[in-house]
Every structure is written in structure tokens, then in C-alpha cells.
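[1] this is a predicted model, with the sequence first.
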Amino acid sequence: MEKEKITKIYEDAEREVSEIDSSEKLQETKVKFLAKKSVLMSLLSSLGLLPPEERKSFGQSLNEVREKIARLFEVKEEEIRKVELQKKLQKEQIDITLPAKNMDVGGVNPFYVVKDEITDIFLNMGFEVADGPEVETDLFNFELLNIPKDHPARDMQDTFYISENVLLRTHTSPVQAHTMQAAEGKPIRIICPGKTYRRDDDDATHSHQFAQIEGLVIDKNINIGHLKATLELFVKKMFGEKREIRLRPSYFPFTEPSVEVDITCANCNGKGCSMCKGTGYIEILGGGMVHPNVLKMNGYDPDVYSGFAFGIGIERVAILRYGIDDIRKFYQNDVRFLHQYRKKA
Amino acid sequence: MLVSLKSVKKYVDLGNLSAEEVANGLTFAGIEVEEVVKLASGTNLVIGHILECEKHPDSDHLHILKVDLGPIYGVEQIVCGAPNARIGLNVIVARVGAKLPGGEIKKGVIRGVESNGMCCSLLELGVDSKYLRKEQTEGIEELPLDAEVGNEDVLGYLGLDDEILNLKVLANRPDLLSLYNVVREIAAIFSKEVKIPSYEVKDSFKTNLVVGSSSWRCSQFSGREIKGIKIKESPKFIKESLLAMGIRSINNIVDIGNYVMLLTGQPLHMYDADKLDKAELIAKDDLVCDFVALDEQTYKVEKDDIVITSNNKAMCLGGVMGSLACAVDDKSTHIYIEAASFDGASIRHTSNRLGLSSESSQRFVKGTNHYQSEEVINFASYLIKEYCEGKEFSDIVKYQKEEKPVSQLKCHYSYINNRLGTSFSKNDIKNVLNRLYFNVDKENGDEFEVSIPAFRLDVTCEADISEEVIRVLGFENVKSELPLLDAKVGGLSLRQSRLRKIRDYLALNGLDECLTYSLVSKENSSKFNLLHEEEHYKLLNPLTDEREYFRTHILYSLLESAEYNVNRQNKDLKLFETSNMMSLSSRSEHLAVVLVGADYVRDLMVKSPFGFFHMKGIVEGIFALLGIESSRYKFERYSSYKEELHPGKSAKIIFQNVCIGAFGELHPNALKALGFKSSVVALEMDLEPLLNAKVSLVKMTPISKFPTVSRDLAMLVSKSVSASDIIRVIKTSGKGLVKEARIFDVYEGSGIADDVKSVAVNIVIGKEETLTDKEITDLLDKIKYELAKSLNATIRM
């Protein structure tokens, strides 16, 4: 009789728990079945009315059922929690296309991208970076580079003068002389990036200020082949493995022989196009073997030492590489221009 | 240098070589050909003869012509607008279908009259107007009466069937300002024979002319007297050659001077002998006088200008321009001809100073061959005899300061190959040198002696010889090989890598890296110089006032970049630049930063207007980046009489007791002057002390095993008390137990008195053992007591 009651209670609990769909309902039902005033608990109070021999087994069944019901609730509770969490998370969904809270990265004038990249290529080849002043003396800018007073080559470089013997350097080559004098006859392997100035009116292709990277290697038994190989390596790193170089004779007073270095046009792969004016090649830098007079004047015996030097125009490389149409863009710093470029990895 | 291919071909047989092939050959031998152009062009051309010429009924300037085009094409009607069209004229006719530089000629009806072709001027065939006389540019070309009507090779007939190579003559090769030397060069490159004629005109009398020089600036002066010349038009071949090489024809004597110069590189000058006071031509450089030149302008002759004098009167500005007083004119019959050598630098000074530059002066400036004057005078004499009816030629008188130097060089085959990275045989080398007129004289094993041709002023050492070899044999023979150098640690110096690190740090934190000009105007050179004034380098020869001073600081240039951007609707900016600054007294690397508007990028939806503390954060970040502890630098209030920075929102950066920079929000007046509508924060900093700062190795501090205690303290203090005062008092009274003290709130406004603020501080207390409650309470009491005592603070909790 009492046993039937217990079974009924369990069946009721099982049914009602299965119908629960919220945590409020769960609490309600839990009270109904497990609280002190629940039917089950009221049966417990009737325990004393039973004969002693039945009390024990009835009590045991009561406890068992209570525990079973409690477990029903535990399982249900877990289930409800999961469902409700799921609902909550669903409600918290955001528009992932909204703007980010950025870890910001700035734009970089492509001038610096190229300058740093060229510098790094030569650093990796074991070069060091030398430095020299932008306000130079006539001695270093010209005389020590085999360009004596009234040398016609001075007309090639229209110069800003500060006084008769002080000027704004017209090229980074004076750093060659500074470096040689400081190295006192020891081997040299340097590059020098720096700003240079010439008395040119600014337009799309001319700038009174521009920058070069000078390179200088001095040691015993240096020859043109070494210059060629070094520049080949540089060009492939900078412009891509497929680029080839070509040397053309030229003239600089401080190198002998002197060369212009062309690379195969990246636009047409050397076939000839409008960018390379049909030649398949684009001129990118100048160089040559250090003139014996320059070695001598700066403390190296040209019978023992030889060397090569080269000069690369930073803006020129950037213009070629990025298709920049006006050199003045580098100096305007329009952020819409700067934001197109980032630090090289 | 413009070189006529047709003229070249007179002296060397180039076979089937095209102009492009010749140009390529020159370019790869180091003589860059900048362009190859046709002197003139046109198809369907024919020589015609005007049979009839009537006025067009509907036009006041057009004529209706009947033109005989010869037996093949017959007579055509052509409407022509040229004022000089008339019966009997021989003209160039472009027939229907002709392709001219300006377009194609089509059959047409001009104001109701049919026209089948066009009568042309040379301009219409593409000849540059600078080579033409005025009348040639204003009407159709008038051909000689004997021109063959019906001849279709019009360009050939006119000598315009030529291609012009534009040579970029570099400073070391002035010899190439001579057609003969260009011919020699081309012949050497293509291994061809050269046929350059030489002329001699024997003297028929002895001249009284005395030549000389009292100046080192004229090392050689040769002259000849010629009688019985007649001034007239030049022969066609001279006119054509001059035209092709870019010089206008004047008359036979002037043209011969120019022609000989173009061919030989030696400028000539002609004097009317009858107009000179005295039969002498003496070069001097110490005359000071007024000089009326051929162009009828008066120039001031100064000391060191080379003048050719006669009876101590200036008759010629040596190498630059002759005097009007002794100029050859239409009536001249008796001349002196001069072939001299002048110092290039002197000519350059004179020519630059007076703004006079000519084909002659340019050749002297670059350098001429001093040892060919007699040949050149003979060549000119021959032409004068042939084309100026020159009758009597004197002996050549000559002044020469120095004897021709023996230009011999000792060379080594091994040196040449070692320098070039090549393995040319002795024969290869000898052969190339011979082609270039360098004669290998003596040979002894590896060593040989080579004589240098007189026109090659640029070759003076063994290295030069190596260049001659490689430029003809080609750089493709050079073995490309990386140098075997001693291994060493290259890389950036500490200073260089710190600078790189600072630049990377700023860029990676969202600032844009800029580049601005070093040259600025006088006015701008001192604007926004937040550091001490230094004396600027000032240019002697600026291009404009805008770029006259070498800047000593970056900031103003960067503010200009900001302004440029703001004017283009780029309103929120974070700009920086590092650059090397130089003044009369110092040289150092600077950093400037400009923040404009608000920081949107960190959070596009929350606008955070830039202020003082953004910049302070950047500065502290740089110090931290380099490992410089905050105890080594401090900020002090910035003050300046200039209204550039907001006096209350600006600071100086003091590092090792020296002010190395300053920053702050812009003064409202400065904002207005620069046209900024939003807040702007600016910084200028001398990075040099940071780049060179000693930073000690960090020895590890053990991390305490004992927990720290955190307590908050709030107080009311006078507004004049600074945050750093409060922190200092807390730290000093905390006797090493205070590990950290951090302000986390400042409040001013309603609820508290006007002259005070409420400040809240978080204090972290720690010790190398467990702290007791009593210790903590005692410490806090001590701190509160000290704050009240020294800062008059009222503790609120």
C-alpha cells in the first residue's frame, strides 16, 4: 500500500522533471518533491505508525526513492544550465565586422622602406654602416675624390655653397674619404646611406634634396668581378631572383674604370617595354674601381690595395619599385601615401 | 654633341651598320647616345615647279597654284598659303598620301577649290626652326633654279637624309666634341679603317703678325694672315653639315670657323686685319676695361679674364666672344685666323660671370688638344682658299709655352687583368689599344710602354688604360666572383641600432614616418625650435628664399607636413621624423613628433583627443625601450617667451641634468597661425644623448616570496601640489617598505573647495618577511602624517 504510494511519487517525479524547461520551473518542482512539506516527506512522518519490523525496509525504500529523485533533478539541472548558457551566449553575439580595437601599425615613407632594406642586405653581407656630415668641406666632397678645383666634373654636380670651401655634399662619396682616413690603411667594407643636395629646381624628376647609399670595399686584390658579383647579389635580393645586371662603361672622377649598372626591366623581363624605353634594361646605380689617386690621397698604397665603390639612389630605387610618379611625393608626407607602405619584415 | 651619321660615313666605311647599331656600339663603349633622330622626314615628296599662281577668290592670303611635278606625276593643282608662292619657283611638294612629321597629306577642297598636295617649308619636314633663317620659317622653301623637277629624292637632294646621334659627352672625354674623334672612336669600336684627310696650304708670304701671351692662361697661340678673301654664302655641304650638327649658317668665313671646330674640336677666331691698330695678337689676363662684343653688348673685363689684345686694346674675350671693333663683316678681305689654347677654368669663370656661353667656350672649358693648331689652321686655310676665294696665305706664326710632353705610360698586362677580373691575352689588349690609337711601343714580358694620343687628355695612369681595354672588349668578359674577405662581425653599431629601434618602435606603435627637406627659409628656420638656438648654416647660392638655411630642428617642417595633410582632409595624424641636424657648432640626430586631432585608430568608435599625456607616454616609452630607468630623467615645466607651446601643458625633458627636448600642446595662437582646428601636440628631442647613453647590465632582483599589501589613500591637497610631490612624500616616508605608489584618481570641482583637488593613491607595501597589521597601520599613519605636514594634505580615508 505504502510501497505503491512511493512508486507513484517516483513516477510523478520522473514525469514532471522531464517536462521542466526552465530553472524557475525546476526550483518549483524540486520544492514539490523534495522539500520538507512534500508528499514524500509526509510519508516519512508516517513511519512511526508502521509496525517496527516494516519500519526499517520502508525507511530504506523512502531514502532510495528520495536519492533517485534528487539525481533526476541533478541531471535535469545540468541540462537546463547548458541550454540556458547556450541561449545567453546566443544573445551576446556581436557584429564581427565592426571596426577593430587595433594594435596600431604606422605607415612608413617608402623612402625609409628602401633605405632600411638596402642597408640590411649589405649588413647581411658583412658590411658596416659609416656616417658622414651633410655639410661638407670642398676637400672631402671634391678634392680627395680626385675632383680638383675647376675640374669639369664639378659642373656635373651643381653645388650649394655655404662658403668658398664649405658646401652641402653633392653625393655620399665624401664618406669614402672619411672612412679611408679613419681606417688608417686597414681593409674596409662599408655602406653609407645619407642625404645629398644639388642645385636643381624641384619637379617630378628632379629634387634639390635626395639620398644615396654609398658602398666601399677596400682590400688586397679587389677587382671589377667582385663589384659585379656583389651588386648581382644585391640586385637579386632587392629586385628578385630573376633580375640580371649589365655593366656599361661610364665616367666618375673617383673611379677607374667606372660603370653604370643596369638591371633587366621588371616590367617586361628584359624584352623591352615603355618603362625601359624598349631597351629591356633600367639604369639603377653607378660604381667602379676606386681611382688610384683617391686611394693615395686617403692613405692607401694603390700598388698594394685596390677597391670598388658604388652609389645607389634611394628615391630612384623606390620610384622604380613602387611605380611612384613624382619624386616630390617623398617629401610631402601625405598620409594616404604613407599608409600604403609598412616596415619590411 | 650632335653627330651626323652622314658626316661620319664620309670618313669611315660603316658598311650596313644602322644608326641604332652605331649608337649601341658607342653606348657600350662608354659614350652614351641619348637619342637617334632623323634630321628630316617625309614620304611622297617631289621637286615641283610653279607654272601658275592665282589669288584664291575667297581668301586674302591663299593662292591657287598649278605645279609641274615632272614627267611621272604631271601638273597638279595645289592651294597654298605661303606668302612667297610665285610663278617660276622650284618647290618641295608633298603629294597626296605623303606622311610628314605633322601628319598625312590628303586630297582636299580648300574654300571651294580642289587641292592635290602641299608645298612645304623645311619646318614641315621636321627641321628645327633654330637652324633656319627667318624667311625659311615664314614661307615655303625656295629651291635653286637648277633643281631637277620631278626628282623624288628630295631629302637626299637637300642633304636632309641624315640621322643624328645625340652623344652625351662626359667630362673626361672632351675630345669627343670633335667629329673626327667620334669617327676614330666608332672605327675603333667596329674595327674599321679611318680616312681623315689632311690639308696643307703653302705660305706665299711672310707675315708681320706677332702672336704671344703674357699669361699662363694661354699656353699656345697660333695665327695666320690671309689676304683677298670674299664673304659670301657657304657651299651647300658646309651648310648641311652645320645644320645636321646643330649650328646655323651665317656666311662662308664664320661657317668655316664653326665647321673646322666641329670636325677638329679646335675653336678658331677670325679678326679683320685691317681693323686692328697693330699687327699683333697678344693674350693677357690683367686688363680691366669695357669690352663691346660682337653682340653689341658692353661687358666689363676684369683681371684674370683672358683677352686677346692688339696695341693693348681688347680685341677678343679669349675663347668666349670677339670684339665688334675688329669683327669680320661683308666687306672684309684681309684676316687673321687664330687657333689658341686657353685654360678651361679661366674660360669657365669668365663665361659664367658674363653669362656668355658658346660652342667655342664650352670646348675650352672641357679641354682641347693643344697640339694640332697648325693642322687646324691649314684645314681652315684650305677651305678659305676653296670657298672664300682666299688668295694669299702667310706662314703660320706660333707661340707655345711648353713642348709637347712625352705621353708614355708604363703598363702591365697582369695589372690590367687583375684590376678587371679578366683573363685577356697580351694580343687582345695590344689589339684594342692599337685600335684606339694607343701604340704599344716597348714590350718586356709583362711590362709594356704605351704612347697616348694627343687628343686623349683623360688618360694619365695605368688604371685608365685598363678602362680603355674593358670598355671596348666589354664587361661581359668580367668574371663575377664574390670577394674572399676576412670574416668579421659587421652590423649596426650600438648607436645605429638604437636609432633603428626607436624608429621601429614609433612606427610599430602607429606613427607614420615622414621625410622633409633640410633646407628652410630664414623665417621658418627659428620657428618651433624648442631647444636652444644655434647658428644656422646659410647658403651662398640658394635657389629660392624658401630653401636658404640648413635647419637645426625638424619640428616646424613636420608641422608643415601636418598642415599639408589637414588641408587635404587627413585630419587625425601621428607623424614623426628622425634626421641628422647640423649647425655651426653641433651635429646630432633629432626626433620630432606631431600628433593632430584624435587617436581614432586604437578604437575607431571611441575618439580620444590627443593631449599632453599622449606625448609624455611616447617619450617615456622611448626611454624604457632603451632600458633607461625613469630615475635618470625627469620632466620640468617648459617656459618660453614665444607663443608656441601652451605654457601650462608643456614640458622639458631633462636627462643627465641637460635639457634634451621639449613637448606639449600647441599654444592657441600658434594653432590659429598654422590653421589647425583641433588640438596639436608636438615634440622635438635631441636623441644623441640617448643613443650614446650608458645602460648598465640588469642583475636580477629576487622576487619576494612574501605577499604584498595594497592600500588606497585619498586626500585633499592644494591644486598647486603636483602628483610627483605626493609620490615623493609617500616613498620617502615609506622607508623602503613602499614598493609602489600610483595615482589613480584626481578630482576637482563641485563638492570641494575651488583651490583644492582630491587625489587618490594606491600604495603597495612589501617586506622580505610577513608584515604584521601593526606594521602596516604604523606605516600608513606615518605616511598620512608626513603628507599632512609637508603638503598640507587633508586625509579623507
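    Yes, it's here.
[2] can you give me the buried ones in stretch B:366-377?
    Neighbour counts over stretch B:366-377 (16 or more other C-beta atoms under 10 Å in any protein chain shown) mark B:Lys366, B:Gly367, B:Thr368, B:Asn369, B:His370, B:Gln372, B:Ser373, B:Glu375, B:Val376, B:Ile377 as buried. C-beta: built from backbone N, CA, C; applies to glycine.
[3] does the fourth one belong to a helix, a strand or coil?
    In three-state terms, and counting by DSSP: H, G, I helix; E, B strand; the rest coil, B:Asn369 is coil.
[4] now do the end-to-end distance for stretch A:202-211.
    For stretch A:202-211, the separation between the terminal residues is 14 Å (C-alpha to C-alpha, to the nearest Å).
[5] for chain A, longest helix please?
    helix A:52-91 (DSSP state H).
[6] ok, now chain B?
    In terms of residue count, the longest helix belonging to chain B (DSSP H) is helix B:773-791.
[7] returning to that earlier point: buried set for the longest helix of chain A?
    Buried residues in helix A:52-91 (16+ other C-beta under 10 Å): A:Phe58, A:Ser61, A:Leu62, A:Val65, A:Arg66, A:Ile69, A:Leu72, A:Phe73, A:Lys76, A:Glu77, A:Ile80.
[8] hmm, back to that, nearest to chain A among the buried residues of stretch B:366-377?
    Taking C-beta to the nearest C-beta as the measure, chain A lies nearest B:Lys366 of these, at 5.2 Å.
[9] residues in contact with that closest one?
    Shown in contact with B:Lys366 (C-beta atoms under 8 Å, 6 or more residues apart in numbering or on different chains): A:Pro152, B:Val169, B:Ala171, B:Pro174, B:Leu177, B:Gly344.
[10] dump those to a markdown table, plus pLDDT and distance to B:Leu160.
    Putting the contacts of B:Lys366 into a markdown table (pLDDT from 0 to 100; distance: C-beta to C-beta, whole Å) gives the following:
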| residue | pLDDT | distance to B:Leu160 |
| --- | --- | --- |
| A:Pro152 | 71 | 34 |
| B:Val169 | 91 | 24 |
| B:Ala171 | 85 | 32 |
| B:Pro174 | 92 | 29 |
| B:Leu177 | 95 | 24 |
| B:Gly344 | 89 | 35 |
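[11] and A:Asp202, helix, strand or coil?
    coil.
[12] give me the neighbour count for it.
    Close neighbours of A:Asp202, defined as other C-beta atoms under 10 Å in any protein chain shown, add up to 17.
[13] what pLDDT does it get?
    As predicted, A:Asp202 sits at a pLDDT of 94.
[14] surely it meets A:Arg328?
    Yes. With contact defined as C-beta atoms under 8 Å, A:Asp202 reaches A:Arg328; the gap is 6.1 Å.
[15] and chain B, is the lengthiest strand in chain A touching that?
    Scanning chain A for the longest strand, with DSSP state E as the assignment, gives strand A:209-220. Yes. Counting by C-beta under 8 Å from any C-beta of the partner chain, chain B has neighbours in strand A:209-220: A:Gln209, A:Val217, A:Asp219.
[16] now the next helix-or-strand element following the longest helix of chain B: average pLDDT?
    Per DSSP states H and E, helix B:773-791 leads on to strand B:794-795 as the next helix or strand towards the C-terminus. Strand B:794-795 carries an average pLDDT of 91.
[17] for strand B:794-795, packing partners?
    Using 3 or more C-beta pairs under 8 Å, 6 or more residues apart in numbering or on different chains; DSSP states H and E, the elements in contact with strand B:794-795 are strand B:709-718, helix B:773-791.
[18] contacts for the next helix or strand after the shortest one?
    Scanning forward in sequence from strand B:709-718 by DSSP H and E, the next helix or strand is helix B:723-733. For helix B:723-733, contacts defined as C-beta under 8 Å, 6+ apart pick out B:713, B:715, B:717, B:738, B:741, B:743, B:746, B:759, B:761, B:763, B:782-783, B:785-787, B:790-791, B:793.
[19] buried subset of those as a ChimeraX selection?
    Buried residues among those (16+ other C-beta under 10 Å), as a ChimeraX selection:
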select /B:713,715,717,738,741,759,761,763,783,786,787,791,793
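[20] can you give me the domain boundaries for chain B?
    Here the domain assignment for chain B is B:2-39+B:163-189, B:45-158, B:210-400, B:408-472, B:494-691, B:709-795, based on automatic domain parsing.
[21] and the pLDDT at the residue nearest the centre of chain B?
    Centroid-nearest residue in chain B, with C-alpha atoms, centre = their mean: B:Leu543, separated by 12.8 Å. The confidence metric pLDDT takes the value 93 at B:Leu543.
[22] which residues does it contact?
    A:Arg199, A:Asp201, A:His208.
[23] got a list of what the closest residue to the last one other than its chain neighbours touches?
    On the basis of C-beta to C-beta, 6 or more residues apart in numbering or on different chains, the spatially nearest residue to A:His208 that is not a chain neighbour turns out to be A:Asp200, at 5.4 Å. A:Asp200 makes contact with A:Asp158, A:His206, A:Ser207, A:His208, according to C-beta under 8 Å, 6+ apart.
[24] just the buried subset of the residues you listed, please.
    A:Ser207, A:His208.
[25] out of the contacts of A:Asp200, which is nearest to B:Ala293?
    Using C-beta to C-beta, the shortest approach to B:Ala293 within the contacts of A:Asp200 belongs to A:Asp158, at 26.1 Å.
[26] am I right that the closest one is in contact with A:Arg199?
    Yes. Contact status for A:Asp158 versus A:Arg199: in contact at 3.9 Å, counting by C-beta under 8 Å.
[27] how far away from the center of its chain is stretch A:283-298?
    35 Å (C-alpha atoms, centre = their mean, to the nearest Å).
[28] first-to-last residue distance for it?
    30 Å.
[29] what's the answer for stretch B:523-540, then?
    End-to-end for stretch B:523-540, by C-alpha to C-alpha: 17 Å.
[30] so, low pLDDT: which residues of the stretch 151-300 of chain A?
    Applying pLDDT under 70 to the stretch 151-300 of chain A flags residues A:155-157.
[31] where do the strands sit along it?
    Assigned by DSSP state E, counting those that start in this stretch, the strands in the stretch 151-300 of chain A fall at A:166-168, A:188-197, A:209-220, A:245-252, A:255-264, A:281-290.
[32] helices and strands around the first one, which ones?
    When contacts are defined as 3+ C-beta pairs under 8 Å, 6+ apart, strand A:166-168 packs onto strand A:135-137, helix A:138-141.
[33] the same query, at a cut-off of 10 Å, please.
    strand A:135-137, helix A:138-141, strand A:188-197, strand B:537-538 (3 or more C-beta pairs under 10 Å, 6 or more residues apart in numbering or on different chains; DSSP states H and E).
[34] for the longest one, same thing?
    When contacts are defined as 3+ C-beta pairs under 10 Å, 6+ apart, strand A:209-220 sits against helix A:110-124, helix A:174-183, strand A:188-197, helix A:224-239, strand A:281-290, strand A:305-313, helix A:314-322, helix A:329-332.
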